[in-house]
Every structure is written in C-alpha cells, then in structure tokens.
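Visitor: Okay, structure incoming, though there's no sequence with it:
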C-alpha cells in the first residue's frame, strides 16, 4: 500500500470522482496521511455531496457521516467523492446524473455499481482505499468487475448515520481496497457502535487477517453455479475453492431453495423503502430550488421530474405501487416472508458450513450499451442480494480472469463473523499471489 | 397487467411527474418487472419468522442543533430563519 499522498492528482480519465478535495490536511492515527475516497452518498461536512443525483446538485452537508468522523479521527485524508449510480440504484454506474465511470481494466466496459467510482479509483491506483455502500451488491459487484477487494459488513456493524438513505433495512457502508489487509484495516476503523444509528451494534473490529484455514468447512450452493452463471466464471471460482481445499478446507454441497424468489423479494423491498426515503427530495431544504410561486404538487413534480433520472423514477413508481392498497399483500408482505426464508436457508447451511463460497457476479463486466433493459440488469444482482436480505457479511476477492477481465470469489459468513470471511479471502489472496492459483 | 392510466395515477401519487411520451415505455417495462415479481405467488403465505431483535430506545434529550446559517445555506429560499415552500392551499 502506498501511504504517501500523490504530489499531483492523476488525471481522472475514468470519471471515478465527482469531486476531488483540495484539502489534504490530516491528523495522526491508524490511517495517518492515507488518502481515502468516499462514495458520494456518504455525507462529508463542507464537501459537496450529491449521491450521484442532479436533485442534490450544490448540496453541502453541514455534518459528517459517522464513518467520515472516524476517518478524520484516524488521520485519513478525505481525498474526494466518488461517482455512483444515482442514490445507489444501479449495477453499472451508468445511472449517475454526472456521466458513467469507466472500468480501468477495460474502459469499453462498465465498472459495476453502484460504488463504481470507488472501485475504479482503487483499481486505477488513484487511492489505496475507498468507502462504498452495499444495498444489494453495490460494493461487491464493482469490486469483482474492477479486480479489487470489497466487504459488505454484517448489518449493524457500521453506522449508517450520514449515509443518504435508499433502503435502510438492507444497506451497509463498507471498505474497498486493492488487497485484503487494507480492507481489514479500513473495516477496523469504521466498525463499532454509534448511538445515532438505532440498528448499530457494539461490535468493533480489532483483527489482523490470519491465513490459517485448516478444517474450515465451505458450503458450495448449487444455485451459485447454475443457470444464468457464465460457465467460465463458474470454473474460475471452482478453481479458487479448490485452492482453499489445498490449504486444508473441506467443501460441503448445499442448496438455497429460496434463491428462486430472492431477487423479487429484494426488488420489492428496496423499491418500497426507496419510495418512502426519496420523498424528502422536494427541492425545498436542499438541492436546486423549487419555484415557491407554483402550487405544492406542481412545484414538487417539476423538480422531481428534472432532478431524478429514469431508474430512480422507475423504482419510486415500483415501490409506490408495491405498497399501494390492494397490492401490499401480493408484493410487500410476500417479499418479507421470502426474506425470512432466505435468512432461514442461510442459518440452516451455517450449521454444517463455516462460510459459503460462490461467484460474486454471474458474468464478467459487460460492455457499455450491451444491457439496457431494466429487468435483465436486475437479474445480474442475483448472487449478491441474498447476503443483504439475510444481513450476513460477504466479501469479494479477485480470483483470476475470464477474457482478460477479473472474476470475483464471494465468501459469505455467519452474522458478525466478518473477521472469518476476511481470513478466508486473505488465505486465498496469499495462496494466489504465491503462484498456486 | 397495469395500464398507462395506472402508471400515470401512481406517478401522480408519488409526485414524480411523467411525460406523456415516456408513458408507453414505462408501462411496458413496469409490466415486465411485475411479471417477474409474480414468482412471489409461490411463497407460502404466513408471518415472516420473528427476528430475534429488540427495540433500541434512548431518552429524547434536547441537544444543540446544527447552526441555522449552515442549514439555510442549502435551502432555495428562506426568510427570517424559515425555509420558504410552495403554497399547499390554493
């Protein structure tokens, strides 16, 4: 890891940043002088924060998110704010209100999303580490597509205070970096209790990655290698699991029957929560101003029509519909039962397995313009959303390439066993670097 | 199947604003997504399993609030320390 701040900011040729802070002051601590990029839906006092949306253009938060306070306390340099799909709604960063981010591994391909700017900033070597947020895969997907490491922590381990809310019951802020040790280091800084987030748990992390995995039982769910998963990606991941076996782990075949409706349950839940959360963007308290001479609804609709992009409006419509009278039972209520079933499936598997491994994404990063239909885009989240529905920790670590593009190995663990998924990823990374993979 | 009229009505409820020329595409994509959501019909009805969670409450104690000038700086229009909003009543 390079701790030194670059003398000049390298040209942002991948559009990874929405803004780079001119303030390079820093204190002392675990991250003294280390430049850390922050996803633009995380509030930074005095630094513009838009969540990738035009409706927040010009907004300057009067306070720091809890995680940003912690970064400053540990001496980090807040390098800048990274590009993202508007409010976190997307899988490619193409839904940003400020243009897409390009994948540094191949600029004709998407970087993944929604934390695509953070992933690209790390992959391009502009910063050694970055913060992202993960509602249904938004840290792990771009980490896999750009060839870096990203952790979605257990729900509750990192405070969401100051995170611009999209889907409160699913999302977590998490670390992204070029290697597992840096992910663990950044996680150690941001994990812990914060009374301003009522779902925050008192579970700080003081952990140095340990590559010893002898006797570890790895659950391998057949759904993660089935229909819709590129066979070449599946092979890469099977090889990686084989490497873990060589290090002394054993594998256990398993199934997650609730996977068949996990994606639908996820999209019903997140759009429902979004329809409520995004009602606050009315152009009155922040962002481009509404005309106060117009009537309430006219002013509100005008600003939201121009301020929100297509995908955000689609999700607000879907969520409003799913919660509307007559449809609530068919969609939202069923989604919550399905969500419980996903959680139960994981708890059952974790009786016989210590972790679960599979691909992070069903394919490698696709080319710009290859996917435009919203449903086919949603379907690519199928392997990442289960961890969010269950609230369990999940990490993505690079495991080889297919067609010269990186593939991510995803390791999921029991609630509050983030340290264990970090260790497994570390064991794999070390073995792979040693030339055995 | 939802109709263009339904989508238009939902857009009105959500105060989202929708152009007439976008309505057909939105409705078509909306229906494709809802068709996919029908898989939830296979989920057995019932209560979601009770999570092993407890409510976390705290005392509602007054604390210093954000500086007024910093908050108002983000607002479109303000007057005498208040934020101006469009008329709710005609």
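Guide: Arrived safely, thanks for sending. Please read these numbers as outputs of a predicted model, since none were measured by experiment.
Visitor: can you map out the helices along chain B?
Guide: Under the criterion DSSP state H, helices of chain B are mapped to B:4-13, B:20-37, B:68-73.
Visitor: quick one: terminal-to-terminal distance for stretch A:13-25?
Guide: From its first residue to its last, stretch A:13-25 covers 25 Å (C-alpha to C-alpha, to the nearest Å).
Visitor: and the one residue in the stretch 201-350 of chain A that gets nearest to chain B, what is it in contact with?
Guide: With C-beta to the nearest C-beta as the measure, residue A:289 is the residue of the stretch 201-350 of chain A nearest to chain B, at 2.4 Å. No exception for glycine: its C-beta is placed from N, CA and C like everyone else's. Shown in contact with residue A:289 (C-beta atoms under 8 Å, 6 or more residues apart in numbering or on different chains): A:283, B:75-77.
Visitor: export the residues you listed to TSV and tack on neighbour count?
Guide: Below are these laid out as TSV (neighbours: other C-beta atoms under 10 Å in any protein chain shown):
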residue	neighbour count
A:283	23
B:75	17
B:76	18
B:77	14
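Visitor: Among the residues you listed, which one lies nearest to residue B:25?
Guide: residue A:283 (25.4 Å; C-beta to C-beta).
Visitor: Wait, that closest one touches residue A:308, no?
Guide: No. Residue A:283 is beyond contact range of residue A:308, at 10.9 Å (criterion: C-beta atoms under 8 Å).
Visitor: OK, contacts around the closest residue to residue A:413 other than its chain neighbours?
Guide: With C-beta to C-beta, 6 or more residues apart in numbering or on different chains as the criterion, residue A:413 has its nearest non-adjacent residue at 4.2 Å, and that residue is residue A:421. The neighbours of residue A:421, taking C-beta under 8 Å, 6+ apart as the test, are A:151, A:355, A:393-395, A:411-413.
Visitor: Spell out which parts of the stretch 151-300 of chain A neighbour chain B.
Guide: With the criterion set to C-beta under 8 Å from any C-beta of the partner chain, the stretch 151-300 of chain A comes near chain B through A:195, A:198-199, A:260-261, A:263-265, A:267-268, A:275, A:279, A:283-300.
Visitor: mind giving me JSON lines with the helices of chain B and columns for mean neighbour count?
Guide: Listed next are those as JSON lines, based on neighbours: other C-beta under 10 Å:
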{"stretch": "helix B:4-13", "mean neighbour count": "16"}
{"stretch": "helix B:20-37", "mean neighbour count": "15"}
{"stretch": "helix B:68-73", "mean neighbour count": "14"}
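Visitor: so which of those comes closest to residue A:388?
Guide: Per C-beta to C-beta, nearest to residue A:388 of the helices of chain B: helix B:20-37, 17.5 Å.
Visitor: and the closest one, how far from the chain's centre?
Guide: On the basis of C-alpha atoms, centre = their mean, to the nearest Å, helix B:20-37 sits 19 Å off its chain's mean C-alpha point.
Visitor: ok, back up a step: format the helices of chain B as TSV; extra columns: distance to chain A and mean pLDDT.
Guide: Listed next are these as TSV, based on distance: least, C-beta to the nearest C-beta, whole Å; pLDDT from 0 to 100:
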stretch	distance to chain A	mean pLDDT
helix B:4-13	5	94
helix B:20-37	5	94
helix B:68-73	4	89
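Visitor: Same list (the ones you listed) but as a markdown table, adding distance to residue A:400.
Guide: A markdown table is the format used below for the helices of chain B (distance: least, C-beta to C-beta, whole Å):
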| stretch | distance to residue A:400 |
| --- | --- |
| helix B:4-13 | 44 |
| helix B:20-37 | 32 |
| helix B:68-73 | 49 |
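Visitor: quick one, which of those is nearest to residue A:381?
Guide: Nearest of those (C-beta to C-beta): helix B:20-37, 12.5 Å.
Visitor: For chain A, what's the nearest residue on chain B?
Guide: Counting by C-beta to the nearest C-beta, chain B gets nearest chain A through residue B:76, at 2.4 Å.
Visitor: just checking, that residue touches residue A:292?
Guide: Yes. At 7.3 Å, residue B:76 counts as touching residue A:292 under the criterion of C-beta under 8 Å.
Visitor: Can you tell me the SS state at residue A:430?
Guide: For residue A:430, the assignment made with DSSP: H, G, I helix; E, B strand; the rest coil gives helix.
Visitor: Endpoints of stretch A:191-203, how far apart?
Guide: End-to-end distance (C-alpha to C-alpha), stretch A:191-203: 7 Å.
Visitor: What of stretch B:74-83?
Guide: Stretch B:74-83 end-to-end distance (C-alpha to C-alpha) = 10 Å.
Visitor: do the same with stretch A:204-211
Guide: Where stretch A:204-211 begins and where it ends lie 21 Å apart, using C-alpha to C-alpha.
Visitor: For residue A:223, which non-adjacent residue is spatially closest?
Guide: Counting by C-beta to C-beta, 6+ apart, the residue nearest residue A:223 is residue A:259, at 4.3 Å.
Visitor: Who are the contact partners of the one you found?
Guide: Going by C-beta under 8 Å, 6+ apart, residue A:259 touches A:221, A:223, A:342, A:345, A:382, A:386.
Visitor: got the phi/psi numbers for it?
Guide: In terms of degrees, to the nearest 10, the main-chain angles of residue A:259 are phi -60, psi -30.
Visitor: do residue A:405 as well
Guide: Torsion angles, degrees, to the nearest 10, at residue A:405: phi -110, psi 140.
Visitor: Check which helix or strand the residue lying closest to it once chain neighbours are set aside maps to.
Guide: Counting by C-beta to C-beta, 6+ apart, residue A:405 lies nearest to residue A:364, which is 3.9 Å off, once chain neighbours are set aside. Secondary structure assignment for residue A:364, by DSSP states H and E: no helix or strand.
Visitor: hmm, back to that, filter the residues of the stretch 151-300 of chain A next to chain B down to the buried ones.
Guide: Neighbour counting over those (16 or more other C-beta atoms under 10 Å in any protein chain shown) leaves A:261, A:263-265, A:267-268, A:275, A:283-287, A:289-290, A:292, A:296, A:298-300 as the buried ones.
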